[in-house]
Structure formats: C-alpha cells, structure tokens
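Q: After the sequence you'll find the predicted model.
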Amino acid sequence: MPIRIRPARSTTMVTFAAVCVLAPALPAAAAPGAAPAPAPAAPAAAKGGKPGTPGAGDPYFPQEGNGGYDVGHYDLTLNYQPKSNALAATARISARATHDLSRFDLDLKQLSVKSVQVDGKGATFTRKGQELVITPRKSLRKGAHFTVAVVYAGTPKPVNRPDIGRFGWIRTPDGAYVVCEPDGASTWFPSNDHPSDKATYTYRVTVPKGTQVLSNGEPGGESTRGGKTTFVWNERSPMASYLAMLAIGKFTVKKGRTQGGVPVITAVAPNRAGELKTIHEGTIKAIDWEEKVFGDYPFSSTGGIRVGVDVAFSLETQSRPIYGFQPDTATIVHELSHQWFGDSVSVKRWKDIWLNEGFATYAEWLWDEQHGGPTAKKTFDDLYKLPQNSPYYKDLWTARRTGDPGPNELFTLTPYWRGGMTLQALRERIGDKAFFELLKAWTKAHRDGNVTTGQFIALAEKISGRRLDGLFNAWLYTKTKPTRW
C-alpha cells in the first residue's frame, strides 16, 4: 500500500506504497433498513468433532481468521444504496472442513445477521465481538465440502489504525470504495479474514441505474431492471480477503493490453479525468517492465482505479490497484509490483509484511536504476547515511525490527525502506545473476500461495550457495543500524 511520504534527499526522492461449488437455493438478502432478527442464544456444538478456533493463530491479529476449515470461494450478492449507505447482502461461502468440525466462526464486524444456513439447512448462530459463531445441524467430517449462506444488512463504516488512519468501506459523493488491508474485509462481508486462507470470488452488486461497479478480476456482465443495475465480477485466482475490492460510483473507463497481451482496465472518477492517460499508460509500461524482472504476470488482467476523493494511501487490490491520491510513476510501479509480492505470493503471518512492502519499495529503486535515475545502490547509500537529526532516522535504525515490526506498526517506514535495503544488501552479497534469478524463482515457486521469511532465506541460500543467516538477522531482526552483515 503506498502512503504518500516524500522525504527529499540530495539526489533522489523515495516514495512508498502501502497502503483489502455453487450453493443450493438460499434465502434472499434482507431489505435495506430492515430490523435484524434477534441472534439466538449461544449455540451448543453439534455432536462429534470439535469447534474450529476463533482465530488463525496470528499473534498480530488473534481474532482474525478462523480454524477448522479452508474457504474455496466467496459468492457475494450485494444490494447497495449510495444515498443512505444501506447494504443488504447474502454471502455464499464454499469451504472444506480441515478436521471433524462441530462449530466454526466467520469474521464479521458491525453488520447485522438475519439468518445462516449450512448446506441449505438453517444453522444456529451467535455474535461474539467480531466472531459470527455458527453451529450446523450435523457435525462436518474432515475433508467434507460444505456451503454457508449468511444473510446480513447494515451500514458499513470505515475503521482506523494508528499507522495508516481510515480504511475499509469509505463513502464518496456518488458511491463508495473499499480498501481492506489489513483486517477490513470483515466490515462488509463475513469471511475467514486472514491472508493465510485465500479463495476465489464472485461479486454480484446491485446499485441504482447510472451507477457503476468495478472490482477485482474480470467483468461478468451487467443487467438493468426496475431502475437498478447489477454488475458481476469474477476473480478466478486465489486472493487474500484484504485484497477484495469494490469501487461504486461514476467512472470513465479505458481498456487496452500490455505488450505481453495482459488485458488492462483503468477507471477514474469524473473529477480525476485528467489522470486517466497517465495511469493507463503507466500501468502498461510498469507491467511490461515488471514481467521482465519478476516473471510472468500472475493474474488474468490488470489496471487501476482512481477514486474521486483523496486519502492518505493507495492499495494493491488484486489485479487492479485503487489509488487514493494522484499516482506518480513510483506509486504505480510499487502497487503493481505487489501483484507478484503480496497478492500472488502472500504472507502466512502479518509479521512478514516486509516480504510485501520491502519488495515493492525495491521495485521502485530498480525502476529508477533502469530508467535513468539513481541506482539502487545510490538509494541504499543515501538512506544508510541519513543523519541522526533526520525525521526518518528513528524509523530505520532504532524504532522497530523490519521482520517483526509489531501489530500497530505494519505500515511504518521500517518494513518499506529497511526492507528494500535488506534486498540491496542481499544483492551485493550474492551478485546480480543469483539475485535476479532468485526474484523470478520466488514468484514462480509460490504463485497463488503463502510464504514466510524463512522460506525466502532458504531459497536465497539454495540459489546463491551461501550462508545468509547473519545478513538477514542484521537487517530484519535487530533494531540497530547494521555495521557488518
């Protein structure tokens, strides 16, 4: 995700980008504004099996994600009224039990649940904080595929973090858009809201006629009836929940292809029309270059969306980033590099966020190096020599560890800049041939998967034939300024 920070230095400027089986017939979504049905008393577990855990085991976000099942597909039917911000929806979730499962949780904040079905039969449920606790009529056997349907409604609201501010469902003058990193998906649909459980998505979004809907993946058609239009979008590649995205409103849309043949869909709000050409052409140039450096583009299309309000950050929403401010080349390169580093190759635990942000930051430095700007080595040296009175000195050398920054400091400068410096230090140690081979091998080996820092270190050592634990310990797991590595 890029937050707009531009510390001026003698020869260059650095930016960083940060900063979201078909089911049987199911009940219709609740009408907007309808009073939610009272939640039943806390359900007892079905006989046999054991409850799934109310969390994915991530110490940074103990309540995010859930255990006991793996989601394969989300089918989200949403009816949205921009004027009132009323959302009425049905989420159909296809999943597989990973152990004999008597009860399981979904993450859902704010919104009211009307009913829940498991495999087409009514299930009991209760709310406990952000946990929607569901007990099916019968225990689900290990390996069994099952469907969950949740009918819910309400007025989604944004949430806040100390390191990035407001995110989640954000209203605009003519609609809304949603950016979910790190835990905002559960503010608008019930989910296993952790990047370790990736799934495919279908969106069916109904809005007043004349309003448009953009999302991840590919458009699946639209139809108008009774003054309302329904838009369908499909993301067929596995996706972390925080990368799920909607942009609702009025947009100017431009389509095209990269030189490598990747379809491009770019959209801007009417008051950002002057940015369309730059974003569209910049996307094509960035993807063509990044394919040469990182390997084949991992998704079926690309593009970008510029919303009509300015916010502090943009987000690498899968296949099609959302830009919260006018993006320059560095921001476009950063967000699109995330399609490889973060979106296709996703973290298993949030502490490894440098695998997303350090790599995207380094992509900016490589772009500069190969397009007439300072070398990545020059950028590294400038940051390394920052004086102690620099406002960024603490972020780099005393505040936190790059490879474990802390749950409230994921999107501070440390994982970005010091993460990028880690890669430059690695490049100098193992040489260009091994380094660039490593980047392509990493994205190819873990495409559509989840990774840890330990896996990256192991691959770097395998390709280079060197022991690298000292280098990574110095740059990732100490707060102090490395002097030897």
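A: Nice, I can see it. Just so it is clear, the structure is predicted and the values come from calculations on it, not from any experiment.

Q: got the contact list for the residue nearest to His99 when sequence neighbours are not counted?
A: Residue nearest to His99 in three dimensions, not counting chain neighbours: Lys142, with 5.1 Å by C-beta to C-beta, 6 or more residues apart in numbering. Glycine gets a C-beta too; all of them are placed from N, C-alpha and C. In this structure, Lys142 makes contact with Ala97, Thr98, His99, Asp100, Leu101, judged by C-beta atoms under 8 Å, 6 or more residues apart in numbering.

Q: Could you work out the most separated pair of these?
A: Longest distance between any two of the contacts of Lys142 is 9.6 Å, between Thr98 and Asp100; criterion C-beta to C-beta.

Q: Okay, the spatially most central residue of the chain and Gly470: tell me how far apart.
A: With the centre of the chain defined as its mean C-alpha position, the nearest residue by C-alpha atoms, centre = their mean is Leu243, 2.9 Å away. Distance from Leu243 to Gly470, counting by C-beta to C-beta, to the nearest Å: 34 Å.

Q: Do me a favour and average the pLDDT over the strand or helix carrying Ser94.
A: Ser94 is part of strand 86-97 when elements are defined by DSSP states H and E. Strand 86-97 carries an average pLDDT of 98.

Q: now it, how far from the chain's geometric center?
A: Offset of strand 86-97 from its chain centre (C-alpha atoms, centre = their mean, to the nearest Å): 19 Å.

Q: Also stretch 280-295?
A: Chain-centre distance of stretch 280-295: 20 Å, with C-alpha atoms, centre = their mean.

Q: thinking again about what came up before, not counting sequence-adjacent ones, nearest residue to the residue nearest to the centre of the chain?
A: Gln318 (4.1 Å).

Q: Surely the one you found is in a helix?
A: No. Going by DSSP: H, G, I helix; E, B strand; the rest coil, the assignment for Gln318 is coil, not a helix.

Q: So which residues make contact with stretch 397-414?
A: Residues outside stretch 397-414 that contact it (C-beta under 8 Å, 6+ apart) are 1, 3, 5, 16, 18-19, 59-61, 161-164, 182, 313, 350-354, 357-358, 392, 395-396, 415, 418-419, 422, 453, 472, 475-481.

Q: I'd say Phe341 and Ala360 touch.
A: Yes. Phe341 is within contact range of Ala360, at 5.9 Å (criterion: C-beta atoms under 8 Å).

Q: Show me just the buried residues among the contacts of Lys142.
A: Ala97, Asp100, Leu101 (16 or more other C-beta atoms under 10 Å).

Q: who are the neighbours in contact with the last one?
A: Put plainly, it is Leu101. Here Leu101 is in contact with Gly49, Lys50, Pro51, Gly52, Gly68, Tyr69, Ser139, Leu140, Arg141, Lys142 (criterion: C-beta under 8 Å, 6+ apart).

Q: So what pairs up with it in the strands?
A: Beta-bridge pairing for Leu101 (DSSP bridges): Lys50, Leu140.

Q: mind starting the numbering at 204 from now?
A: Got it, first residue is 204 now, which makes that one Leu304.

Q: Look up how far Ser297 lies from it.
A: 15 Å.
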